[in-house]
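Participant: let me see the structure of the following:
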Amino acid sequence: MTRPRVSIVMLAWNHVEVTAEAIGHVLMNASLPTELIVVDNASEDGTRAFLDRLPPELGLVSVRRIDNAVNVGFPAGANQGLQAAAGEYLVLLNNDALVPRHWDEDLVADLEAHPALGLIGPVSNQVTGPQQRPAPYAPGKFLDYAAAWREQPGHSVQPTARLVGFCLMARRAVVDRIGGLDVRFSPGMFEDDDWGVRAQMAGYQLGISTRVYVHHVGSVSFGEDRERTRALLRRHGRLFERKWRGRAVGARRGLHLPLAPAVVPFGIPVMGMAPWLEPPAARALRWADGVGRYGAPHPWLVLADPELESADEVRRHLRDAAAALNLHWGPHVELHVEPYPYEQYLSRLAAPGSQLVQTGAPMEPWMQQCLAPFGTRLLGEAADRERPWQILWKEIADSHG
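Facilitator: This is a model prediction of the structure:
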């Protein structure tokens, strides 16, 4: 059986000692066929001389280089590497991150075991959010600690709404679908948050592999000028919020898309339903907006009255709505044409622990009564639409503070 190939994209800008240690850990600890693509952003400290001495092949790892004449920033440099990558699994790995033994095969195995996952990351000593874990090991003892950590019982893949990009693995299908990093966040910061949001908008989930422990030095490039770093945080934080919360209701075109990805257990379906009393195009726009707001990993669209319109027409309107909202629409949307009464299709579509997103119409008590026997949670117009976004935004903002 052919083993999957991993492509690692690592950016370098000076700090040759740090970069050399990170590359050394990649060369030493690769368990799968690996392509290491080093993008040098015009280093001036001997980094290129070090890279010149690297062999093109070493064990399971082949090494490639992209040398930039100027520092193009992290997002643009990472995109150069992603475009050149040939592996089935693509990794953004900081040049101040040290990977342990089995890290690559563990992340790949966790992705393959959870088909709904699009992006996955490890836990670490130096990271914000739910990936943070204590680091009770002395310098030079990281590999021993990571190996012992891996053998501890109780590890799992935890669903999350956000992953930090210091070590971030993506399926190639995800990158092909949503594209690379948004270069508007150059020279860096918030580009990984944006990438995760776009993956969720495309129907993928994010996960944390708790058994993979990666050492992260942190703030090697951006920590040198703290005033500049704080200014970038403020500027890119505003850009991120404008991009994903949208402008105030009533702005031109009237589109308002506050995103609030819902963290749901892997494999549990999320259904979307739109009211049939609206024109088809308006309904499609409302439904796409609503399902995107709640981050449905496997959205369903239910047509309550198949006599009013054809499934092909609805699909066309959905494509138009997705384009208007910049949603990367795809085959993850399942279209079900069902007649009234609601109880009939709810009994077939509802599943224990699933969620139903209802958009464009008020939720009535009898609908909740229909769902109650199935343990299905109802989300929609009567729910607190801002609260999930506020939770995600607070986590992101606090982590960059």
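Participant: for the nearest residue to residue 182 once chain neighbours are set aside, pull up the helix or strand it's in.
Facilitator: Among residues not flanking residue 182 along the chain, residue 194 sits closest, at 5.1 Å (C-beta to C-beta, 6 or more residues apart in numbering). Where you see a C-beta, it was placed from the backbone N, CA and C, and this is true even at glycine. Take DSSP states H and E as the rule and residue 194 turns out to sit in helix 191-201.
Participant: tell me what that helix is packed against?
Facilitator: With contacts defined as 3 or more C-beta pairs under 8 Å, 6 or more residues apart in numbering; DSSP states H and E, the packing partners of helix 191-201 are helix 74-84, strand 117-124, strand 167-171, helix 172-178, strand 205-216, helix 226-245.
Participant: using PDB, write out the CA atom coordinates for that helix.
Facilitator: Listed in PDB are the C-alpha atoms of helix 191-201, where the atom choice follows Å, rounded to 0.1, in the frame of the first residue of the first chain:
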ATOM      1  CA  GLU A 191      -4.200  34.800   8.200                       C
ATOM      2  CA  ASP A 192      -4.500  31.400  10.000                       C
ATOM      3  CA  ASP A 193      -7.700  32.500  11.700                       C
ATOM      4  CA  ASP A 194      -9.100  33.500   8.300                       C
ATOM      5  CA  TRP A 195      -8.000  30.200   6.700                       C
ATOM      6  CA  GLY A 196      -9.900  28.200   9.300                       C
ATOM      7  CA  VAL A 197     -13.000  30.200   8.900                       C
ATOM      8  CA  ARG A 198     -13.000  29.700   5.100                       C
ATOM      9  CA  ALA A 199     -12.500  26.000   5.600                       C
ATOM     10  CA  GLN A 200     -15.600  25.900   7.900                       C
ATOM     11  CA  MET A 201     -17.600  28.000   5.400                       C
END
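Participant: residues in contact with the residue nearest to residue 182?
Facilitator: Residue 194 makes contact with 181-182, 185, 240, 243-244, according to C-beta atoms under 8 Å, 6 or more residues apart in numbering.
Participant: quick revisit: tell me the angle the helix holding residue 194 makes with helix 74-84.
Facilitator: 50 degrees (axes from the mean of the first three to the mean of the last three C-alpha atoms, to 10 degrees).
Participant: numbering from 12 from now on, please.
Facilitator: Will do, 12 is the new start, and the previous item becomes helix 202-212.
Participant: ok, the nearest residue to residue 48 once chain neighbours are set aside - contacts?
Facilitator: If the residues on either side of it in the chain are set aside, residue 48 comes closest to residue 92, at 4.4 Å by C-beta to C-beta, 6+ apart. Contacts for residue 92 (C-beta under 8 Å, 6+ apart) come out as 18, 20-22, 48, 50, 77.
Participant: switch to 6 Å and redo it
Facilitator: Under the criterion of C-beta atoms under 6 Å, 6 or more residues apart in numbering, the contact list for residue 92 reads 20, 48, 50.
Participant: secondary structure element holding the second one?
Facilitator: It refers to residue 48. When elements are defined using DSSP H and E, residue 48 is found to belong to strand 45-52.
Participant: which residues touch that strand?
Facilitator: Residues from elsewhere that reach strand 45-52 (C-beta under 6 Å, 6+ apart): 17-24, 37, 59, 71-79, 82, 88, 91-92, 95, 98.
Participant: show me where pLDDT drops low in the stretch 62-211 of the chain?
Facilitator: Counting by pLDDT under 70, the stretch 62-211 of the chain shows no low-confidence range.
Participant: residue 124: how many residues sit nearby?
Facilitator: Look at residue 124: counted by other C-beta atoms under 10 Å, it has 11 neighbours.
Participant: and it, how far is that from residue 185?
Facilitator: Residue 124 sits 16 Å away from residue 185, going by C-beta to C-beta, to the nearest Å.
Participant: residue 89 now?
Facilitator: Counting by C-beta to C-beta - residue 89 and residue 185 are separated by 14 Å.
Participant: before we move on, what about residue 226?
Facilitator: 26 Å.
Participant: which of the two has more residues huddled nearby?
Facilitator: Set residue 226 next to residue 185 and count neighbours by other C-beta under 10 Å: residue 226 wins out with 25 against 22.
Participant: quick check: closest non-adjacent residue to that one.
Facilitator: Counting by C-beta to C-beta, 6+ apart, residue 109 is the residue found nearest to residue 226 once chain neighbours are left out, at 4.1 Å.
Participant: the one you found contacts residue 227, doesn't it?
Facilitator: No. Residue 109 is not in contact with residue 227 according to C-beta atoms under 6 Å; the separation is 7.8 Å.
Participant: who's more crowded, those two?
Facilitator: A side-by-side neighbour count of residue 109 and residue 227, using other C-beta under 10 Å, places residue 109 first with 26 against 22.
Participant: show me where the chain has helices.
Facilitator: Chain-ordered helices for the chain, with DSSP state H as the definition, fall at 27-40, 58-63, 85-95, 114-124, 153-162, 183-189, 202-212, 237-256, 291-304, 322-335, 353-360, 376-382, 397-411.
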